[in-house]
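J.: this one's sequence-less:
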């Protein structure tokens, strides 16, 4: 087990979420699945309690904690992409699996976890500062999924 692990709270779908993430993103893998050793107030012996998994190299654990807490935008995964094809692939996987689009490269998966699908060209433009950053930022603001060609054009002026 990693020394530092992100724990994500799910109602009851931690295993399904972990399988989706590990099938969608490279450098991801399923780990151990821990099951209840006996019946308990909100479940039965054998129910999945936690799932260890890695998403794009980040160690995580899914916890089936019930409906008490839900995900929000205060936490998100940011996935850096190299081109439009990669951006489209991840965006479409998340949104197409019951997720929803948001703004400026953000979307949510069907479990409510927020994702930032961020082309490196956008990050590089913002890091450049000055007019280039301003133009790229203004081009990004009306977007849902980031359009790489539009950001590249904005960088050039």
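T.: That came in fine, so what should we check first? If you're wondering where the values come from, they're calculated on a predicted model, not measured in any experiment. Numbering: from 1, shown residues only.
J.: by contact count, what packs against the top helix by length along the chain?
T.: When every helix of the chain is counted residue by residue (DSSP state H), the longest turns out to be helix 84-96. With contacts taken as 3 or more Cβ pairs under 8 Å, 6 or more residues apart in numbering; DSSP states H and E, helix 84-96 sits against helix 14-24, strand 76-81, strand 106-108, strand 114-119, helix 148-156. Just so you know, the C-beta spots here come from the backbone N, C-alpha and C atoms, and that holds for glycine as well.
J.: would you turn these into TSV with distance to residue 45 and mean pLDDT?
T.: As requested, the helices and strands packed on helix 84-96 are exported to TSV (distance: least, Cβ to Cβ, whole Å; pLDDT from 0 to 100):
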stretch	distance to residue 45	mean pLDDT
helix 14-24	16	98
strand 76-81	33	98
strand 106-108	33	98
strand 114-119	34	98
helix 148-156	50	97
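J.: Next, format those as CSV and append distance to residue 67 and mean neighbour count.
T.: Converted to CSV, the helices and strands packed on helix 84-96 look like this (distance: least, Cβ to Cβ, whole Å; neighbours: other Cβ atoms under 10 Å):
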stretch, distance to residue 67, mean neighbour count
helix 14-24, 13, 20
strand 76-81, 21, 17
strand 106-108, 17, 21
strand 114-119, 19, 21
helix 148-156, 38, 16
